[in-house]
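# Sequence first, predicted coordinates after that:
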Amino acid sequence: MERPNPHAEASAGSTRADAPVSVVSPIFATIVLPAYNEGDSIEGSYREITAVMDPLGLDYELIFVDDGSTDGTWQSIQRLGAGDPRVRGLRHRVNAGKARALANGFTYARGGIVVTCDADLQYDPNDIVRVTDEVLRGYDAVSANKVVRRDPLSKRLPSKVFNFFVRRITGVNLHDMNAGLKAYRRDAAQELVRFGYGELHRFFIVILALRGYSVAEVSVESRPRVTGRSKYGMERYVRGAMDFLTVIFLSGYMERPLHLFGGLGLLTGSVGGLIFTGVIVERLVFGIQAGSLLLQIAVLLVLTSLQFLVVGLVAEMINNLDHGNQTRGRVFEVVNLNRRAVRMERRLP
């Protein structure tokens, strides 16, 4: 598909998935590559991606995020940045997790389209163009769907089960929620900065879908890992289940926490009030001496309802505070980044 002028003005209704869109940004695309102990694959990723992107004649940048690596990952990023100003780098003091690495990359990204891709060479760089084209066709976020996976069965089977339950519960009909290759419109990527903690990167596409953004997927074929080793074990599925509950809560009630806690408070308070009323009626009307246990349960439920209401009010106050810098100061070393310019970029629409 012919790409629109990346500096052209976006038309009304450009977020619909049935009409091509243009991007308005200093550059066409930013490719964010989180890396943890991937020193052997950084330069290979750079060479493959630039070999695909350079012939397109579009302005783009690469942001490598070193998530607290202990090998030569940062040194490789520095070498690439010294030779190519399009290579920008962030370095975390400690391993903060992929969600934080991606969120920091989103914060510093200047592209109208933001692509995420693992730095381990398991995705074909040509697929970066494919997911980007889907964004240009009108989608807010596009995920790769690895129809052919090179992972062992011990990873493929739990992943299929996990994705099946996420689809059924959320109604987001995508098949590979945790794919490392995704493309976002700039505004969608900025929306995700606040979710850059824990293991929530697995649900970035779900979060956007539940918040009204249009999403799609592109079938790709993964490649076998040739360097390094996988950083994930079975424990990630336990953490993923906990984070899934977080996603459901944040997507439905983050902007209105009092609706959740207030509703629970009214429910428990109503039950407690009914029990207390029944005890009083039995004593005063029928002369029945109700047991103290029922009275204690009624008092407990009323007190619990008050606690829910207080928690809801406090959550509402916190929700209305200015959270300031969402990136939490994890980054302490950079390549080809002007901090003053970055603060200006964050005010762009």
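Nice, I can see it.
# that's a helix at Gly278, yeah?
Yes: Gly278 sits within a helix when classified using DSSP: H, G, I helix; E, B strand; the rest coil.
# the strands in this structure, which residues?
The residue ranges that make up the strands of the chain, judged by DSSP state E, are 27-35, 60-66, 87-92, 111-116, 141-148, 182-185, 215-221, 331-335.
# Where does pLDDT dip in the stretch 201-349 of the chain?
Segments of the stretch 201-349 of the chain classed as low confidence (criterion: pLDDT under 70) are 224-242, 244, 247-255, 286-291, 316, 319-333, 338-349.
# got it, and the stretch 51-200 of the chain?
Counting by pLDDT under 70, the low-confidence segments of the stretch 51-200 of the chain come to 148-155.
# hang on, the earlier thing: output the strands of the chain in CSV; the columns should cover distance to Glu191 and mean neighbour count.
For every residue, glycine as well, the C-beta is placed using N, CA and C. What follows is the strands of the chain, written out as CSV (distance: least, C-beta to C-beta, whole Å; neighbours: other C-beta atoms under 10 Å):
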stretch, distance to Glu191, mean neighbour count
strand 27-35, 15, 26
strand 60-66, 18, 27
strand 87-92, 20, 24
strand 111-116, 11, 28
strand 141-148, 10, 22
strand 182-185, 9, 30
strand 215-221, 12, 19
strand 331-335, 20, 17
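# nearest to Arg130, of those strands?
Taking C-beta to C-beta, strand 215-221 is the member of these nearest to Arg130, at 5.2 Å.
# what's the nearest residue to Val271 if we skip its chain neighbours?
Using C-beta to C-beta, 6 or more residues apart in numbering and skipping residues adjacent in sequence, the residue nearest Val271 is Leu301, 5.4 Å away.
# Burial check on that neighbour, number of neighbours?
Leu301 is surrounded by 20 other residues when neighbours are defined as other C-beta atoms under 10 Å.
# From what I see, it and Leu274 are in contact.
No: between Leu301 and Leu274 there is no contact, the gap being 9.3 Å when judged by C-beta atoms under 8 Å.
# Can you tell me how far the closest residue to Ile31 other than its chain neighbours is from Met177?
The shortest distance from Ile31 to any residue other than its chain neighbours is 4.6 Å, reached at Val115 (C-beta to C-beta, 6+ apart). Using C-beta to C-beta, to the nearest Å, one gets 17 Å for the distance from Val115 to Met177.
# Quickly list what Tyr221 is bridged to.
If you look again at residue 221, you'll see it is Glu, not Tyr. Glu221 has the following beta-bridge partners by DSSP bridges: Val148.
# Surely it touches Asn145?
No: contact criterion C-beta under 8 Å: Glu221 and Asn145 do not qualify, at 10.2 Å.
# Let me see the contact set for the residue sitting nearest the centre point of the chain.
Note on the chain: the residue nearest the mean C-alpha position is Phe204, at 3.1 Å, using C-alpha atoms, centre = their mean. Neighbour list for Phe204: Leu102, Ala141, Lys182, Leu192, Phe195 [criterion: C-beta atoms under 8 Å, 6 or more residues apart in numbering].
# Now do the helices in the chain.
42-53, 73-83, 98-108, 126-136, 153-170, 186-191, 204-210, 235-253, 257-284, 292-319, 339-345 (DSSP state H).
# Relative to Leu267, which of the strands of the chain is closest?
Proximity to Leu267 (C-beta to C-beta) singles out strand 215-221 among those, at 33.8 Å.
# Map the structural domains onto the sequence of the chain.
Under the assignment automatic domain parsing, the domains of the chain span 27-253, 257-319.
# Quick one: closest of these to Val335.
Closest of those to Val335 is domain 27-253, at 3.3 Å (criterion: C-beta to C-beta).
# out of the domains of the chain, nearest to Leu337?
domain 27-253 (5.5 Å).
# and the closest one, how far out from the chain's middle?
For domain 27-253, the distance from its own C-alpha centre to the chain's C-alpha centre is 9 Å (C-alpha atoms, centre = their mean, to the nearest Å).
# Run a quick neighbour tally on Asp176.
So Asp176, with other C-beta under 10 Å, has 22 neighbours.
# Buried residues in stretch 43-54, which are they?
If you call a residue buried by 16 or more other C-beta atoms under 10 Å, then stretch 43-54 has these buried ones: Gly44, Ser45, Tyr46, Glu48, Ile49, Thr50, Met53.
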